[in-house]
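Engineer: sequence first, then the predicted structure:
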Amino acid sequence: MATVIAGLLWLPVRLWEERDGPVQVAVVEAGLNAVIWGFFFFVLVRVGKPRPAEAERAAAWATTETALRRGAPPADEAGRAAVADNLPAVRRGALFGAAGGVLLLGPLIVLAIRAGWEVAAVGFGIVLVAILAVAVRTGRRERRLRAALTPVRGS
C-alpha cells in the first residue's frame, strides 16, 4: 500500500515535469519513485516504535509474527488467542499485497518495456517476484499456523 500511495503522489509531479514528453515515461518514472519511496516508508513504519495507546496491539502482532516465523503457536492461552485473532489480517495482508503488487507493477513493467526502459522493467519484475514470494510464504505459514491452532475433534 505504501508504494501505491507514493505512486499516486508522484504521478502528478512526473506528469507536470514531463508535460512535453511521452506520458509513458512520466508514468514509469512515477512508478520508480513509488517503489523507492514506498520501500522507505515501509521500513520507517516497521522500525518505528508504537505509541503507548497501541502497545497492546503491537504486542499481539509481535506474538503473531513470532508464531509465523517459528511455524508453531505460542504455548500460553493468551498468546494463542492473540495469534488466532490476527490470522485473518495476516491472510488479507498477503492477498492484498500480492494483488496490489500485480496490479501496480504488472502494468508498470509493460509501460517500461514500451517506453524503452528495460532496466526499469527488470527492476519492477524483481520487486514483483519478491512481493509474490513473501505473499506465498506468508500464506503458507498462515495456513500451517491456523491448522496448528484448530483443535482436533473426535478420535
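Structural biologist: Happy to help now that I have it. Residues are numbered from 1 along each chain as shown.
Engineer: check which helices and strands the helix or strand harbouring residue 59 sits against.
Structural biologist: Assigned by DSSP states H and E, residue 59 belongs to helix 55-70. The contact analysis (3 or more C-beta pairs under 8 Å, 6 or more residues apart in numbering; DSSP states H and E) places helix 55-70 against helix 77-115, helix 118-149. (Each C-beta comes from the backbone N, C-alpha and C, glycine too.)
Engineer: in that helix, which residues are buried?
Structural biologist: 60, 61, 63, 64, 67, 68 (16 or more other C-beta atoms under 10 Å).
Engineer: thinking again about what came up before, and of the helices and strands packed on helix 55-70, who's closest to residue 40?
Structural biologist: helix 118-149 (13.4 Å; C-beta to C-beta).
Engineer: now the residue nearest the centre of the chain: how far from residue 21?
Structural biologist: With distances taken as C-alpha atoms, centre = their mean, residue 97 lies nearest the centre of the chain, 4.3 Å away. Using C-beta to C-beta, to the nearest Å, residue 97 is found at 32 Å from residue 21.
Engineer: and if you look at residue 72?
Structural biologist: 54 Å.
Engineer: so the protein: which segments form each domain?
Structural biologist: 1-48, 55-155 (automatic domain parsing).
Engineer: CSV for those, including mean pLDDT?
Structural biologist: Shown next, in CSV, are the domains of the chain (pLDDT from 0 to 100):
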stretch, mean pLDDT
domain 1-48, 82
domain 55-155, 88
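Engineer: on that earlier part again, JSON lines for the helices and strands packed on helix 55-70, including distance to residue 32?
Structural biologist: Below are those laid out as JSON lines (distance: least, C-beta to C-beta, whole Å):
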{"stretch": "helix 77-115", "distance to residue 32": "8"}
{"stretch": "helix 118-149", "distance to residue 32": "6"}
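Engineer: show me the one of these that comes nearest residue 26.
Structural biologist: helix 77-115 (9.4 Å).
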